[in-house]
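# Sharing a model that was predicted from the sequence below.
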Amino acid sequence: MKVSGDTTVCIGAGMCVLTAPDLFDQSEEEGTVVVLVAEVPAGLEGAAKRAVQLCPSGAISINP
């Protein structure tokens, strides 16, 4: 499973970082999503899916 973040859509709410801090961060300049690990480890797949669900702007997506 791969995860990606679209910084042009991100509004900087930070739900991804709160939900999956091992996968996401926010840029200091813009406050937008930064993907730390594109290939999601098996133990973090649930957190990645939850982050996608909670993202208010739909900036995070999962690709098989």
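Noted; the coordinates are in hand. Residues are numbered from 1 along each chain as shown.
# immediately after the strand or helix carrying residue 3, which helix or strand?
Residue 3 belongs to strand 2-5 when assigned by DSSP states H and E. Going down the chain from strand 2-5, the next helix or strand is helix 15-19, by DSSP H and E.
# Packing partners of the helix ranked longest in the chain?
In the chain, with assignment by DSSP state H, the single longest helix is helix 45-54. Here helix 45-54 touches strand 2-5, helix 15-19, strand 60-63, going by 3 or more C-beta pairs under 8 Å, 6 or more residues apart in numbering; DSSP states H and E. For glycine as for every other residue, the C-beta is placed from the backbone atoms N, C-alpha and C.
# Can you give the distance of the strand holding residue 3 from its chain's centre?
What separates the centre of strand 2-5 from the centre of its chain is 7 Å, taken as C-alpha atoms, centre = their mean, to the nearest Å.
# what's it in contact with?
With contacts defined as C-beta atoms under 8 Å, 6 or more residues apart in numbering, strand 2-5 is touched by 16, 23-24, 32-35, 37-40, 48, 51-52, 59-64.
# Show me how to select, in PyMOL, the buried members of these.
Restricted to buried positions by 16 or more other C-beta atoms under 10 Å, the PyMOL selection for the contacts of strand 2-5 reads:
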select buried, resi 16+23+24+32+33+34+35+40+48+51+52+59+60
